[in-house]
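Peer 1: With the input below, show me the fold.
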Amino acid sequence: YPLLIVLSNGDKNHEQSDELKVCSSPPERQIVVGICAMMKKSKSKPMTQILERLCKFDYINVVIFPEEVILEEPVEKWPLCDCLISFHSKGFPLDKAVEYAKLRNPLLINDLNMQYYIQDRREVYRILREEGIDLPRYAVLNRDPDNPEECNLVEGEDHVEVNGEVFPKPFVEKPVCAEDHNVYIYYPTSAGGGSQRLFRKIGSRSSVYSPESSVRKTGSYIYEEFMPTDGTDVKVYTVGPDYAHAEARKSPALDGKVERDSEGKEIRYPVMLTSMEKLVARKVCLAFKQTVCGFDLLRANGHSFVCDVNGFSFVKNSMKYYDDCAKVLGNMVMRELAPQFHIPWSIPMEAEDIPIVPTTSGTMMELRCVIAIIRHGDRTPKQKMKMEVRHPLFFELFDKYGGYKSGKLKLKKPKQLQEVLDIARLLLVELGQHTDCEIEEKKSKLEQLKTVLEMYGHFSGINRKVQLTYLRNGQPKASSEEEDSKKDGPSLLLVLKWGGELTPAGRVQAEELGRAFRCMYPGGQGDYAGFPGCGLLRLHSTYRHDLKIYASDEGRVQMTAAAFAKGLLALEGELTPILVQMVKSANMNGLLDSDSDSLTDCQQKVKARLHEIMQKDQELTQDDYQKLAPTGSPSLVNSMKVIENPVKTCDKVYGLIQSLTSQIRKRLEDPKSADLQLYHSETLELMLQRWSKLERDFRTKNGRYDISKIPDIYDCIKYDSQHNASLGLEDTLELFRLSRALADIVIPQEYGISKAEKLDIAQAYCVPLMKKIQLDLQRTHEDEAVNKLHPLYSRGVMSPGRHVRTRLYFTSESHVHSLLSIFRYGGLLDEEKDWQWKQAMDYLSAVSELNYMTQIVIMLYEDNDKPSSEERFHVELHFSPGVKGCEDEENVPLGYGFRPASSEPNQGSLEDLSQDQVDQALPVSEPINIQRRSPMIRNRKTGSMEVPDLSVSGADVMLCSLCSGLFSASALGVSCSAPNLRDYVRTHHHHHRKPPLSPGSLPIGLFSMPAVKRFSVSFARHPTNGFEGCSMVPSIYPLETLHNSLSLKQVDEFLNNVCESSSEAHAKTMKGRPADESAPYVNKKHWAAIKATRTFLPSPNIILHYHQEHHSYLDDLSSAGVEPAQQSS
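Peer 2: Numbering: from 1, shown residues only. Next up, the predicted model:
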């Protein structure tokens, strides 16, 4: 016989032949465990570690079958064994192993016949389904290799239909052969299209983004629904039905970059399985008859789905797992074989694992929850055209997509927009041929409809949308001359919206803000210590960060959210994969979307009053000031002083617009500038259309001004002043100044003039969001569905049980205005009694504009030493008015800085001090002045409790302040997605080590030196703008603290009162809602489902599909006030 490797208890590594084994005397007979696998597997580090431990059992010896024996010898010549651990991998002759098992009949740890099934994904899914294990909705496409065209696949632009079952994008395409790792994910056009191509890890990459959007045309595949998992995969490793170890890792589909540690190993963190997941692990282990078995879990929408079963698989780099695995396997072998070998053995009774409850020490406050509501980034001007249509083709389209159900219809999909374009083209052709035909639609409007829909050469839902509203008696007549020309009878109001896309500058703003946002989380440990923003990366990479990002369904808002996530989590590459995985669309229950067409009665009255005051052709009187600015807000009063006479100011604005359009026309006539490329691929022709439309619409035929156009004028001039300043058009600054003064009155006052109106309108927009915020703050106390670290397996993480919950809500201006109104006027605190709140209110009333990237941030801290809940939880409120405007520097309202309540410099450990300095240094843009700090001295706050890394010196802290290049694109000269953040930190740590300083010996200059600006230098050139020229990327105002000593109870009661007081009022004011929908904000599908749960209990499959259809469904039902009992049913 060839030599065998035999491991025994006495001598672990000597060589001996098979005969020696067999002749041992019966009473001391050893149980031989044979390892039959390819050498790469049988000699791997995990296998070696586990076998060494297995040999510590007195009666167990291990024999490893050499690879040449397995491949070349007949099974009769294979070594003998009593128990066989054998598994398939590339090149392994599974047929021979099956033959050997029949011949020798050993105890099989992993069944061999089932391993044929594991190699075919179709069989894996069939078995999972038969066992009742949740898996994503899927369909199998089998292709005949000789006739690949003959198959049941219909491909649309944004979906595929497989065997009659439709899979909208995003969906996953997996080869049926489990050995083929080329899994593709296809993205919808609304998120940017293209696909992510996954493959077996090569170096530091596990996937790559491709612009290809069409599915593969040869080979057989499984198509399945994509599960939104927040960018994390969970790998589960069973050892028998009662033991499962789980590890989380970054999903390969996110940006394809493999996170590796200092030794080059992929970073994974052990996580806790829920009781349901433990049951799934048991079922998988038994169904596939694989004692040692690895499988993949996707955690999505509060549910866990199995998406892959890999068969025999060990955990890498976990000593605790090696101990456990050897113990479980050894006991299993002994339990099965000891009796027949007459070996005295009883099952050892061991205490179950005691869960370690991490406790915190000292009077540290711990950050538990961060909630931020953020407006989207810089966008192209929004444009709108309305026309009344009566042609039968429009009514057919309205009917086709179910418009009659609600009387309204939104068309965003490419196919739908193509149909509108086809109708417009057809009508224009008919109008061209017969001028006397029955087509009532205006030719100029149809031409504009056609032009806009033909822009860009392709459709994308992000770019344009068409809304149709049914008008029973046609549109109301605008004036008496039109009475005769108008027909009676029903018509449709067609509203075409375009523009409003996130610009490259907007992407940069969002990414930079995401990067700066990290600095609000306390500092990390080890490699990350003392560097601004690295604490969050450590929290996130160790799966102690429960992050959910919601965005309204507008493209610019979703892209802002994706760019922010890219900066926040130091991701790389395209936004599309990040958008699809990390950003949940929250448009299902009015959470972040506002239907601007259904204004409340109060809003319509306010608009009418505003129009009336702004039509006065005389100097504004004291009475007007009282009418228009009853709150006495300085920003309003200042704007009114600039305006003096509303009509005269509008005249000036109108004249300046006329001057601008004539300048653009002259430029167009000049052959040199005719083909000039403006910012974001706009042409002079398109710019002229934009301004000409405003010129036409602003001044109506009767000479009055349409005040509702003022925000649009300001929007356009703000955009051109920033992005197209190189054109050198005259008088743009004057137009900017005047339109801004008008807009500073019109925009905020559209959300209410008096305090009562502001509150009423704000509640109409914001109650679902307020309920969700309330839920987020309450739910911070333990949550089963979250990735929890396993305390026993987590090396180097001192508080595995602790979590920080982050909820980010990206939305539009209306929600930010409304939310701020609720905090200002909803009665949270009394200005007279609270000096801090009085200062905050003064600051807010001086802020004239809530610009792009405006943030409202709520932070919740826990003081573990305080027993009563009122003192235990502590809330802070922070605010930033967003991006700096063109002319802003001199008239900025001064706040009181970012003041998270913190301790005096001479308290606490070095880590506290360094972190305190970083907190202070990053967000404040003026030189720090010690007197500006809050006089409220409070205990120091930290994030998850870490052992202080005393190697972080004062010099390192100083370095962090100086190396702002880490967070400043302009300093690095590249887009700082910080891909090599670890390396960056590591090299700086090693190069700049200095002996630690005592807290008292820190250089005083540290506190008086100018603070690092939180963003790249104002109007920095930014490389991500690419060919679009060096556009300006304005920086963003740092956060200002509105209040830093609220109790959770105060905030909770306040939110309760606001939501309750609005429920009845809102039910009355919202027009046209069916009676049954007055329960707050659940859309029709949800409502139907909720009603259905009262009458029957659906099968688990129905609930499964329901979960898949609506992201974060339970979260949103909760926020809509649905009882938990109904949710679970």
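
Peer 1: only C-alpha atoms for contact and neighbour calcs from this point on.
Peer 2: Fine.

Peer 1: Quick check: buried residues in stretch 309-329?
Peer 2: 309-315, 321-322, 324-329 (16 or more other Cα atoms under 10 Å).

Peer 1: ah, wrong one, I meant stretch 177-196
Peer 2: 177-178, 183-196.

Peer 1: circling back: which two in the buried residues of stretch 309-329 are spaced the farthest apart?
Peer 2: For the buried residues of stretch 309-329, the maximum inter-member distance is 23.7 Å, found between V309 and K327 (Cα to Cα).

Peer 1: Which of the buried residues of stretch 177-196 lies at the shortest distance from V160?
Peer 2: Out of the buried residues of stretch 177-196, the member with the shortest distance to V160 (by Cα to Cα) is Y186, at 10.3 Å.

Peer 1: and the closest one, how far is that from L298?
Peer 2: For Y186, the distance to L298 (Cα to Cα, to the nearest Å) stands at 18 Å.

Peer 1: any chance you could map the strands in the stretch 1-150 of the chain?
Peer 2: 4-7, 15-16, 31-36, 60-64, 83-86, 107-108, 138-141 (DSSP state E, counting those that start in this stretch).

Peer 1: my guess is F1054 contacts G827, does it?
Peer 2: Yes - shown here, F1054 and G827 form a contact pair, counting by Cα atoms under 8 Å, at 7.3 Å.

Peer 1: the more surrounded of the two?
Peer 2: F1054 (18 against 12; other Cα atoms under 10 Å).

Peer 1: my read is the more buried one is in a strand, agree?
Peer 2: No - assessed with DSSP: H, G, I helix; E, B strand; the rest coil, F1054 is helix; it does not lie in a strand.

Peer 1: That one: what's it in contact with?
Peer 2: By Cα atoms under 8 Å, 6 or more residues apart in numbering, F1054 lies in contact with 826-828.

Peer 1: and if you look at E757?
Peer 2: 602, 751.

Peer 1: returning to what we had before: among the buried residues of stretch 309-329, pick out the one closest to E366, please.
Peer 2: Closest to E366, out of all of these and judged by Cα to Cα, is Y321, at 30.9 Å.

Peer 1: helix or strand for F564, which one?
Peer 2: helix 555-568 (DSSP states H and E).

Peer 1: Okay, helices next: where are they in the stretch 601-750 of the chain?
Peer 2: Ranges of helices in the stretch 601-750 of the chain, per DSSP state H, counting those that start in this stretch, are 601-614, 622-628, 634-643, 646-669, 684-698, 710-723, 732-749.

Peer 1: ok, and what's touching the fifth one?
Peer 2: Residues outside helix 684-698 that contact it (Cα under 8 Å, 6+ apart): 383, 654, 657-658, 660-661, 664-665, 668, 674-678, 705-707, 709-710, 712-713, 716.

Peer 1: Name the residues that touch stretch 302-322?
Peer 2: Residues contacting stretch 302-322 (Cα under 8 Å, 6+ apart): 45-47, 49-50, 53, 87, 110, 115, 118, 121, 124, 133-136, 237, 245, 277, 290, 292-299, 785, 792-793, 1107, 1112, 1114.

Peer 1: are any of these buried, and which?
Peer 2: Buried among these by 16+ other Cα under 10 Å: 46-47, 49-50, 53, 87, 110, 115, 118, 121, 124, 133-136, 237, 245, 277, 290, 292-299, 793, 1107, 1112, 1114.

Peer 1: Stretch 266-278: which residues count as buried?
Peer 2: So for stretch 266-278, counting by 16+ other Cα under 10 Å, buried means 266-273, 277-278.

Peer 1: quick check: mean pLDDT across it?
Peer 2: Across stretch 266-278, the average pLDDT comes to 81.

Peer 1: cool, and stretch 509-518?
Peer 2: Stretch 509-518 comes out at a mean pLDDT of 91.

Peer 1: buried residues in it?
Peer 2: Buried, per 16+ other Cα under 10 Å, within stretch 509-518: 509-518.

Peer 1: Please flag which of the residues you listed sit within helices.
Peer 2: 509-517 (DSSP state H).

Peer 1: Format those residues as JSON lines; extra columns: distance to T732.
Peer 2: Shown next, in JSON lines, are these (distance: Cα to Cα, whole Å):
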{"residue": "Q509", "distance to T732": "24"}
{"residue": "A510", "distance to T732": "27"}
{"residue": "E511", "distance to T732": "30"}
{"residue": "E512", "distance to T732": "29"}
{"residue": "L513", "distance to T732": "29"}
{"residue": "G514", "distance to T732": "32"}
{"residue": "R515", "distance to T732": "34"}
{"residue": "A516", "distance to T732": "33"}
{"residue": "F517", "distance to T732": "34"}
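
Peer 1: ok, back up a step: which of the contacts of helix 684-698 count as buried?
Peer 2: 383, 654, 657-658, 660-661, 664, 668, 676, 678, 705, 707, 709-710, 712-713, 716.

Peer 1: can I see the domain layout of the protein?
Peer 2: 133-324, 389-475+489-499, 631-752 (the TED database).
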